[in-house]
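Colleague: Return a 3D structure for these sequence lines:
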Amino acid sequence: MPRESLLVAAREVIREMGYSEANLEAIAARARIPLAAVKAEFPDKARLLDALLRANSPLPDLEAALDAVQGDTAEDLLRDAMRKVAAALQRHEDFFELAVIDAQVNNGAFLSSLSAELFPKANALLGRVKATKQTRPVMDMVFARTLIALLIGFIISDRAVPGVARTAMHLFPQRAWLDGMIDLLLYGVLEDDAR
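Modeller: All right, here's what the predicted structure looks like:
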């Protein structure tokens with residue numbers, strides 16, 4: 001059975017029908033594969049969703065992005081990390097839709113495993129940032145969660161705005177949007193004398 005064509009068909013059917021309405025019969029018909037052959041490989045939608053998540057996983061690109069981060073200051077390291085990780089995530093557009101489904105039907109099981117696999121490299125980067133001694137004393141988990149929230153917010157806000165706003169947003173270079181968000185992360189929203 002051509003696994004790739006089955007996964008493409010599954011992605012199309014889920015996108016069109018929604019995960020809850022999609023079924024193995026519709027996926028088999030779209031892929032032009034006998035239902036029995038589909039069920040032999042994927043007895044249920046949950047296993048098919050897991051295969052889709054794995055096939056669309058950004059893990060290799062995220063690991064490479066984290067390994068490639070350069071900089072001497074905390075700011076340089078954070079800016080480079082956010083740019084590289086955002087670029088890696090944007091190469092995996094289908095993953096975000098699938099990740100939302102994973103969060104809804106599997107309580108984010110795949111996302112949790114992805115986070116666990118990325119933890120050593122992310123933790124090493126955090127160690128490099130902290131070694132500059134240029135950051136405020138913030139708990140590691142708060143720092144990490146803030147960075148993750150910024151990245152997810154950047155990706156989702158780019159996709160979630162209405163078409164007219166999206167067109168307007170794209171008149172301004174995407175890197176400038178990300179840099180603006182990183183500026184707010186690094187320096188806050190208040191003027192120095194207002195702090």
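
Colleague: Now for this protein, the helix or strand with the poorest mean pLDDT.
Modeller: Across the helices and strands of the chain, mean confidence by mean pLDDT, DSSP states H and E is lowest for helix 163-171: a mean of 64.

Colleague: Buried residues, the very next helix or strand once past that helix. List them.
Modeller: Sequence-wise, the next helix or strand downstream of helix 163-171 (DSSP states H and E) is helix 174-187. Buried residues in helix 174-187, defined by neighbour count with 16 or more other CB atoms under 10 Å: W177, L178, M181, I182. Bear in mind the C-beta positions are built from the backbone N, C-alpha and C, glycine included.

Colleague: Surely the third one touches I152?
Modeller: No. Look at M181 against I152 with CB atoms under 8 Å: they stay out of range, at 11.5 Å.

Colleague: Pipe the buried residues of helix 174-187 into TSV and attach distance to K39 and pLDDT per row.
Modeller: Converted to TSV, those look like this (distance: CB to CB, whole Å; pLDDT from 0 to 100):
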residue	distance to K39	pLDDT
W177	45	79
L178	44	83
M181	45	86
I182	47	88
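
Colleague: where does this structure dip in pLDDT?
Modeller: For the chain, applying pLDDT under 70 flags the ranges 1, 161-174, 193-195.

Colleague: at 50 instead, please
Modeller: Low-confidence segments of the chain, defined by pLDDT under 50: 195.

Colleague: Let's see the helix ranked longest in it as PDB, backbone CA atoms only.
Modeller: Using DSSP state H, we find that the single longest helix of the chain is helix 109-131. Extracted as PDB, the C-alpha positions of helix 109-131 are listed here (Å, rounded to 0.1, in the frame of the first residue of the first chain):
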ATOM      1  CA  ALA A 109       0.100  13.500  23.600                       C
ATOM      2  CA  PHE A 110       2.100  14.000  20.400                       C
ATOM      3  CA  LEU A 111       3.000  17.600  21.300                       C
ATOM      4  CA  SER A 112       4.200  16.400  24.700                       C
ATOM      5  CA  SER A 113       6.400  13.800  23.200                       C
ATOM      6  CA  LEU A 114       7.800  16.400  20.700                       C
ATOM      7  CA  SER A 115       8.500  18.800  23.600                       C
ATOM      8  CA  ALA A 116      10.300  16.000  25.500                       C
ATOM      9  CA  GLU A 117      12.500  15.200  22.400                       C
ATOM     10  CA  LEU A 118      13.300  18.900  22.000                       C
ATOM     11  CA  PHE A 119      14.000  19.500  25.700                       C
ATOM     12  CA  PRO A 120      17.800  18.700  25.700                       C
ATOM     13  CA  LYS A 121      18.600  21.100  22.900                       C
ATOM     14  CA  ALA A 122      16.200  23.800  24.100                       C
ATOM     15  CA  ASN A 123      17.600  23.500  27.600                       C
ATOM     16  CA  ALA A 124      21.200  23.800  26.300                       C
ATOM     17  CA  LEU A 125      20.200  27.000  24.500                       C
ATOM     18  CA  LEU A 126      18.600  28.400  27.700                       C
ATOM     19  CA  GLY A 127      21.900  27.600  29.500                       C
ATOM     20  CA  ARG A 128      23.800  29.600  26.900                       C
ATOM     21  CA  VAL A 129      21.400  32.500  27.300                       C
ATOM     22  CA  LYS A 130      21.700  32.400  31.100                       C
ATOM     23  CA  ALA A 131      25.500  32.100  30.900                       C
END
